[in-house]
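>>> Just need the structure, nothing else, for what follows:
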Amino acid sequence: MKITRLLQLVLALTLLFNISCSSDDEFENLVPKGAYENGIFITNEGNFGTPNASVTFVSKDLSIIEQNIFSTNNNNAILGDVLQTIAYNGDSAYLVLNNSNKVQIVNRYTFKKSGEITNQITQPRFIAFANNNIYVTNDQYGGGKYVSVYKSSDLSFVKKIDFASTSTAERVVEASGSIFVQNASYGFGNTLTRINPSTNEIASVVTLPNGNINKTISNNGSVYVIAAGTTNSYIYQISAAGSIVKTTTLTGIANATNLEIDGGKYYFSTDNKVYAMDMNATTIPANPLFTVASNSYSTLYGFSVVDGKIFTSDANGFTQDSKITVYSTTGAIIKNFTAGKSSNGFYLN
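Residues are numbered from 1 along each chain as shown. Model prediction:
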């Protein structure tokens, strides 16, 4: 009996120890990193020349909406003038402010400011990360077009990668370790520049055979570009080495833009129509997934497919708060609400 009870006690202590160890690990995984760990950030540009850019937070289930979270979490500080985009690197979120000529850096879970980049920043557009470096595109009106490179570790300036004054430096994405810069904006231009992050030198230029680039994104190690024509549009898949590996012709769909990829499908728009199609489809959808009610110049100013939901923004004439409409991937309206001025993007955190 005594031996049996002793064995029971040893087993009980062993079980307790194992539970304690695993509970510590599970506890660490369960402790939230901050109030904004699970949700979507909405970037609100604000009005050019007026420092009223802001960020709106929406919970994943769309039940919580919090406006102007940068100011709220930084002693009512002003974010800046024209928030272009947000990108993540580790626990940090980088907020690119075009007319403030800076990149604000915050903790992505608490939105507390942790730093900023201003050196060699002039009219910044977009940002990407590779090889422990930060890449920011700068496109000054009537001035320099370049990528400024910084070390991720201490934000120190590394170098400028210049483009011709007749070019542009717009979107920048990382794909399988390579950096690609979109040399096109406002529907003009058909080239991408590939940068080798090991040397920070231009490796090659990718020229698209048809259409003008409207948007460049990265997905699953490849670059995808939507290029618009007056009759047809095109979606190009480009390898990390800079080769065009697939072309999808959107026959009869002119001026396509707003390319997104989610759940093995392409999503894109033209005018006020939103389309969806399987990435491997050989036929083009005959009808749009849905059509938004308005067809003004500010309709679909922001468009993203996030966590199985389609987020759209009507910038509301750029004078009032933006109207946000969230759709299911079948085109049904899930929720309507307002965000800040000129909402231009939606980012899962």
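>>> got the CA coordinates for stretch 286-304 in CSV?
In CSV, the C-alpha atoms belonging to stretch 286-304 read as follows (Å, rounded to 0.1, in the frame of the first residue of the first chain):
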residue,chain,number,x,y,z
ALA,A,286,-19.0,37.9,-67.2
ASN,A,287,-20.4,40.0,-64.4
PRO,A,288,-19.0,41.9,-61.4
LEU,A,289,-19.3,40.5,-57.9
PHE,A,290,-21.1,43.7,-56.9
THR,A,291,-21.4,47.3,-58.0
VAL,A,292,-21.2,50.1,-55.4
ALA,A,293,-24.0,52.6,-55.4
SER,A,294,-21.9,55.7,-56.1
ASN,A,295,-19.7,56.2,-59.2
SER,A,296,-18.1,59.5,-58.1
TYR,A,297,-14.4,60.2,-58.3
SER,A,298,-14.0,59.3,-54.6
THR,A,299,-15.7,55.9,-54.8
LEU,A,300,-13.4,52.9,-54.1
TYR,A,301,-10.7,55.2,-53.0
GLY,A,302,-9.7,52.5,-50.5
PHE,A,303,-10.1,48.8,-51.4
SER,A,304,-8.7,45.8,-49.6
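>>> what does it rub up against?
42-43, 258, 260, 267, 269, 271-276, 310-318, 322, 324-325, 327, 329-331, 342-347 (CB atoms under 8 Å, 6 or more residues apart in numbering). (C-beta placed from N, C-alpha, C; glycine too.)
>>> ok, of these, which come out buried?
42-43, 258, 260, 267, 269, 272-276, 310-316, 322, 324-325, 327, 342-347 (16 or more other CB atoms under 10 Å).
>>> now, which of those residues lie within helices?
Among the buried ones among the contacts of stretch 286-304, no residue falls in helices (DSSP state H).
>>> Pull the contacting residues for Ser148.
By CB under 8 Å, 6+ apart, the residues touching Ser148 are Asn119, Gln120, Ile121, Pro124, Tyr135, Val136, Asn138, Phe157, Lys159, Lys160, Ile161.
>>> Kindly list the main-chain dihedrals of it?
phi -100, psi 140 (degrees, to the nearest 10).
>>> so it bridges to which residues?
Beta-bridge partners for Ser148, by DSSP bridges, are Val136, Lys160.
>>> Give the residue spans of the stretch 201-349 of the chain that score low on pLDDT.
295 (pLDDT under 70).
>>> Now do the strands in it.
Remark: strands assigned in the stretch 201-349 of the chain by DSSP state E, counting those that start in this stretch are 201-207, 212-219, 222-228, 233-238, 244-250, 257-262, 265-270, 273-278, 290-291, 302-306, 309-314, 321-328, 333-341, 343-348.
>>> Ok, which of the ones you listed comes nearest Thr110?
Nearest to Thr110, of all those, is strand 343-348, at 16.0 Å by CB to CB.
>>> could you give the angle of that closest one to strand 257-262?
10 degrees (axes from the mean of the first three to the mean of the last three CA atoms, to 10 degrees).
>>> What lies in contact with strand 343-348?
Contacts of strand 343-348 (CB under 8 Å, 6+ apart): 39-45, 56, 83-86, 88, 301-302, 304, 306-307, 311, 313, 315, 322, 324.
>>> Which strands border that strand, and is each parallel or antiparallel?
strand 39-44 (antiparallel).
>>> what about dumping the CA coordinates of the strand it pairs with to PDB?
Backbone C-alpha positions of strand 39-44 (Å, rounded to 0.1, in the frame of the first residue of the first chain) are rendered in PDB as follows:
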ATOM      1  CA  GLY A  39      -8.100  43.700 -35.900                       C
ATOM      2  CA  ILE A  40      -7.700  45.900 -38.900                       C
ATOM      3  CA  PHE A  41      -6.100  49.300 -39.200                       C
ATOM      4  CA  ILE A  42      -7.600  51.900 -41.600                       C
ATOM      5  CA  THR A  43      -5.200  54.500 -42.900                       C
ATOM      6  CA  ASN A  44      -6.900  57.900 -43.300                       C
END
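>>> and it, what's its mean pLDDT?
The predicted model gives strand 39-44 an average pLDDT of 98.
>>> Throw together a PyMOL command that grabs the buried residues out of the contacts of Ser148.
Provided next is the PyMOL selection string for whichever of the contacts of Ser148 are buried by 16+ other CB under 10 Å:
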select buried, resi 120+121+124+135+136+138+161
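>>> could you dump the contacts of Ser148 to a markdown table with pLDDT and distance to Ser185?
Formatted as a markdown table, the contacts of Ser148 follow (pLDDT from 0 to 100; distance: CB to CB, whole Å):
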| residue | pLDDT | distance to Ser185 |
| --- | --- | --- |
| Asn119 | 98 | 24 |
| Gln120 | 97 | 20 |
| Ile121 | 98 | 18 |
| Pro124 | 98 | 14 |
| Tyr135 | 98 | 17 |
| Val136 | 98 | 16 |
| Asn138 | 98 | 13 |
| Phe157 | 98 | 24 |
| Lys159 | 97 | 23 |
| Lys160 | 97 | 19 |
| Ile161 | 98 | 17 |
